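> Structure, please.
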Amino acid sequence: MAFPGSSEAARERVIELSAIHPVAVGCAAPNPVTFVIEQCRERGPLPPERDRELMITGNSSPDGYRPDILRATMAQPDGRDRFAEQATSLAMSGGYDGMLLDFRLLGPRDASALVALVATLGDAARANGIAPVGIVIPVADTAAYPGRHLGPLTDFLALRMELDVASPGPVTPRDRMSALVGARAAEIGAHRVMLLIPADGYLWRDGEPRARVSFDEAVAAANDWGVDLVRDESSRTLRARAPGRGEVWVNDAVLVSELVRDARRLGIRKFGLYGLGGEDKALWPAITNRPVTR
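The predicted structure is shown next:
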């Protein structure tokens, strides 16, 4: 699955195990009056192996994610109804099969309003033949994105496998992910869980905020610093550090394939990647539909 932030060339590449192949993106424009949903990308040709085409609907804008506008919209029933009507209308006119909700940067106080919005969207979508309806939620934030409440309203939970790290460190540490994924699977059942795994990483240059980087860019940064990318054994993430220059942590084929294997042991069968375009070239052959040894 190629999410916003993936390159155009990589947008349609998907893990074979995934049952979802989105090839276009819809997003919410930051209009505080109507919160109009608009088409953000033109639809591309459908791949022949396509199973499902989902419209990604969220609170993104050219300036980033806008939780403030989303809060104003979902605070009142008429705002939720208007949002659901516009989203469903766009999905129908665009020929989408289903809808993937992606509402970011919300907090615990928003949980009740989010649940109400998702219920309204799900009802409107299904009433018009738009299915499945899934929602992207952070793997670790159960307070703002309670799976026990969002799960019954959707067809699947798409877990964004990324920790929000402020200082240099792994964003998808294997040593923590199994417990987090297992807890989420317990909320709704492993068969209704999808993992969204980043194929990239972050670069922290000294004195600058972190920046998202592809695998290729991480390799280039390490080469520029004259150091090697080495594997952190606890998190299984590749890292490089140069005093006075910066630090980079990036996911690669080894880590992603291990995360997939761990999840399959829990009974999870749906996977997707984001941050594509400069991924580790060994990634695609490393992820195959191999038997799981429990």
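> quick one: the closest residue to residue 225 other than its chain neighbours from residue 274, how far?
Nearest residue to residue 225, sequence neighbours excluded (C-beta to C-beta, 6 or more residues apart in numbering): residue 242, at 3.6 Å. Heads up, the C-betas are built off the backbone N, CA and C, glycines and all. Separation of residue 242 from residue 274 (C-beta to C-beta, to the nearest Å): 27 Å.
> And for residue 257?
Distance from residue 257 to residue 274, by C-beta to C-beta: 16 Å.
> Mind checking which of the two has more residues around it?
residue 274 (21 against 18; other C-beta atoms under 10 Å).
> Okay, strands next: where are they in the stretch 151-294 of the chain?
156-160, 193-198, 201-205, 211-213, 230-231, 238-242, 246-250, 270-274 (DSSP state E, counting those that start in this stretch).
> In CSV: the ones you listed, plus mean pLDDT and distance to residue 54.
Formatted as CSV, the strands of the stretch 151-294 of the chain follow (pLDDT from 0 to 100; distance: least, C-beta to C-beta, whole Å):
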stretch, mean pLDDT, distance to residue 54
strand 156-160, 94, 10
strand 193-198, 92, 11
strand 201-205, 96, 26
strand 211-213, 95, 23
strand 230-231, 98, 34
strand 238-242, 97, 31
strand 246-250, 97, 27
strand 270-274, 85, 10
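> Reformat the ones you listed into a markdown table and put distance to residue 141 next to each item.
As requested, the strands of the stretch 151-294 of the chain are exported to a markdown table (distance: least, C-beta to C-beta, whole Å):
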| stretch | distance to residue 141 |
| --- | --- |
| strand 156-160 | 9 |
| strand 193-198 | 14 |
| strand 201-205 | 18 |
| strand 211-213 | 19 |
| strand 230-231 | 27 |
| strand 238-242 | 24 |
| strand 246-250 | 20 |
| strand 270-274 | 17 |
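> Does residue 235 touch residue 175 like I think?
Yes: if you go by C-beta atoms under 8 Å, residue 235 and residue 175 touch, sitting 5.9 Å apart.
> how much space between residue 230 and residue 58?
36 Å.
> okay, those two: which has more neighbours?
It is residue 58, of residue 230 and residue 58, that has more neighbours when counted by other C-beta under 10 Å, with 22 against 11.
> give the contact list for the residue nearest to the more buried one when sequence neighbours are not counted.
What sits nearest to residue 58 in space, not counting adjacent residues and going by C-beta to C-beta, 6+ apart, is residue 102, at 3.6 Å. The contact partners of residue 102, by C-beta atoms under 8 Å, 6 or more residues apart in numbering, come to 3, 56-60, 135-136.
> just those residues now: which is nearest residue 204?
residue 3 (22.3 Å; C-beta to C-beta).
> pLDDT score for the closest one?
For residue 3, the pLDDT comes out at 40.
> for residue 69, same thing?
So, for residue 69, pLDDT stands at 87.
> next one: residue 277
At residue 277, pLDDT is 82.
> neighbours around it, how many?
So residue 277, with other C-beta under 10 Å, has 19 neighbours.
> can you check residue 119 too?
Neighbours of residue 119 (other C-beta under 10 Å): 17.
> right, and the helix or strand after the lowest-mean-pLDDT helix or strand in the chain?
The least trusted helix or strand in the chain, going by mean pLDDT, DSSP states H and E, turns out to be strand 37-39, with a mean of 33. Helices and strands here follow DSSP states H and E; after strand 37-39, the next one along the chain is strand 54-58.
> Which neighbours in the sheet does the helix or strand just after that following strand have, and how are they oriented?
Counting by DSSP H and E, the next helix or strand C-terminal to strand 54-58 is strand 60-61. The pairing partners recorded for strand 60-61 under DSSP bridges are strand 64-65 (antiparallel).
> Pull the distance from stretch 112-129 to the chain's centre.
Here stretch 112-129 shows a centroid-to-chain-centroid distance of 20 Å under the convention C-alpha atoms, centre = their mean, to the nearest Å.
> Same question for stretch 168-187.
14 Å.
> Compute the mean per-residue pLDDT across that stretch, please.
On average, stretch 168-187 scores 96.
> Output that stretch as PDB, restricted to C-alpha atoms.
Provided in PDB are the C-alpha atoms of stretch 168-187 (Å, rounded to 0.1, in the frame of the first residue of the first chain):
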ATOM      1  CA  PRO A 168      17.100   9.700  17.500                       C
ATOM      2  CA  GLY A 169      16.000   6.100  17.700                       C
ATOM      3  CA  PRO A 170      14.000   3.400  15.900                       C
ATOM      4  CA  VAL A 171      10.500   4.200  14.800                       C
ATOM      5  CA  THR A 172       9.500   0.500  14.300                       C
ATOM      6  CA  PRO A 173      11.400  -1.400  16.900                       C
ATOM      7  CA  ARG A 174      10.800  -5.100  16.600                       C
ATOM      8  CA  ASP A 175      11.300  -5.700  20.300                       C
ATOM      9  CA  ARG A 176       8.300  -3.600  21.100                       C
ATOM     10  CA  MET A 177       6.000  -4.200  18.100                       C
ATOM     11  CA  SER A 178       4.900  -7.700  18.900                       C
ATOM     12  CA  ALA A 179       3.300  -6.700  22.200                       C
ATOM     13  CA  LEU A 180       1.700  -3.600  20.700                       C
ATOM     14  CA  VAL A 181       0.300  -5.500  17.800                       C
ATOM     15  CA  GLY A 182      -0.900  -8.300  20.000                       C
ATOM     16  CA  ALA A 183      -2.800  -5.900  22.200                       C
ATOM     17  CA  ARG A 184      -4.500  -4.300  19.200                       C
ATOM     18  CA  ALA A 185      -5.400  -7.700  17.700                       C
ATOM     19  CA  ALA A 186      -7.000  -8.600  21.100                       C
ATOM     20  CA  GLU A 187      -9.300  -5.600  20.700                       C
END
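> Many thanks, have a good one.
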